[in-house]
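Student: Take this sequence and fold it.
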Amino acid sequence: MKIESQIEKISSFQHLELLANQVVEGFISGMHKSPFHGFSAEFAEHKVYNVGESTKHIDWKLFAKTDRLFTKRFEEETNLRCHIIIDNSSSMHYPKLKDDQNFFENKIGFSVLASAVLMNLLKKQRDAVGLSVFSDRYESYAPEKGSDRHHRMILNTLEGLLVKPPVEKKTDTVTFLHQIAEKIHRRSMIILFTDMFQSGPESSSEEVLFNALQHLKHNKHKVVLFHVVDKKTELSFDFDNAPRKFIDVETGEEVAVFADNVKEEYEKEMESYFKKLALTCAQNRIKYIPVSVDESFEKILMTYLVEKQNFG
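Tutor: Below you'll find the model as predicted:
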């Protein structure tokens, strides 16, 4: 039985890596046909040599093999360091997936695949990547490195977030963002995936949360916050009007309501909260990007590329 579970784990790990690679390859292919060709050039290792161009970057080894002249597009080593942070509290495992749904159709699955996709891109560009996972404890930490072995280890950790059944785990974002900030010494791009649901009194928790996010910016780090939601139910409150019991997956607290009775007020509150988050992030020079689990990963990749261009 132990061997079978290991085989299942390995095949699943390969599935995540393969899926991430397909997303990135599709994205790059699309960019070659788009106005953003300047970005996609970062991935094109060679281009056909045109008469009159400098011969400085001709790849003579490739010429020996193919009898055609190609120049290297970008040959310098990049040295970006990227640290990905994932919120693994119980609310991130919403919505509960049906048997016929893909793993990335809830918040944690979306965040895991988005992280694997970014890792694939970082690997192509020879950049270093690290990972932190938190909930009500600091679950996992890996420093920024670029080796294949390190990538496999992080992918393995990401897989673990999908297979472990969620229990009542609250969000202690503030404590662990401060701890993570203390661990990252060299200037990095820090990418955070969270649903921004916090425990504690609302007024104080928002203020201390942004103090923690501000701490992440020390040492001139660049911070990108992907606010992950299920747009249909968490923003639009799209439920039928049968009486429903809503359960807080982090505290177990229950409330019974008719959705139509609270829909308008709920949507107003959520819109106000999103606007406040966006404004506070802008004031703190934190890139704030709301993403829904039903969206493609293009927004994630494009944000990363734009922020990388501005990183220097």
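
Student: how far away is residue 99 from residue 105?
Tutor: As defined by CB to CB, to the nearest Å, residue 99 lies at a distance of 12 Å from residue 105. Bear in mind the C-beta positions are built from the backbone N, C-alpha and C, glycine included.

Student: Tell me which of those two has more neighbours.
Tutor: Each of residue 99 and residue 105 had its neighbours counted (other CB atoms under 10 Å), and the higher figure belongs to residue 105 (14 against 4).

Student: residue ranges with poor pLDDT in the protein?
Tutor: Counting by pLDDT under 70, the low-confidence segments of the chain come to 1-14, 31-47, 72-78, 164-168, 199-205, 249-250, 312.

Student: can you give me the helices for it?
Tutor: When secondary structure is read from DSSP state H, the chain shows helices at 2-32, 37-40, 60-66, 107-124, 148-163, 173-183, 202-216, 259-283, 298-309.

Student: and those helices, which is most packed in?
Tutor: When these are scored by mean count of other CB atoms under 10 Å, the highest mean neighbour count falls to helix 107-124 (a mean of 24).

Student: what helices or strands is that helix leaning on?
Tutor: For helix 107-124, the packing partners by 3 or more CB pairs under 8 Å, 6 or more residues apart in numbering; DSSP states H and E come out as helix 2-32, strand 81-87, strand 128-134, helix 148-163, strand 189-194, strand 222-229, helix 298-309.

Student: Let's see it as CSV, backbone CA atoms only.
Tutor: Presented in CSV, the C-alpha positions along helix 107-124 are these (Å, rounded to 0.1, in the frame of the first residue of the first chain):
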residue,chain,number,x,y,z
LYS,A,107,-8.5,29.0,-3.9
ILE,A,108,-5.7,26.7,-2.6
GLY,A,109,-5.5,24.7,-5.9
PHE,A,110,-5.5,27.9,-8.0
SER,A,111,-2.7,29.3,-5.8
VAL,A,112,-0.7,26.1,-6.0
LEU,A,113,-0.9,25.9,-9.8
ALA,A,114,-0.2,29.6,-10.2
SER,A,115,2.9,29.2,-8.0
ALA,A,116,4.0,26.2,-10.1
VAL,A,117,3.5,28.3,-13.3
LEU,A,118,5.6,31.1,-11.9
MET,A,119,8.3,28.6,-10.9
ASN,A,120,8.3,27.3,-14.4
LEU,A,121,8.8,30.8,-15.8
LEU,A,122,11.5,31.5,-13.2
LYS,A,123,13.3,28.3,-14.1
LYS,A,124,13.3,29.2,-17.8
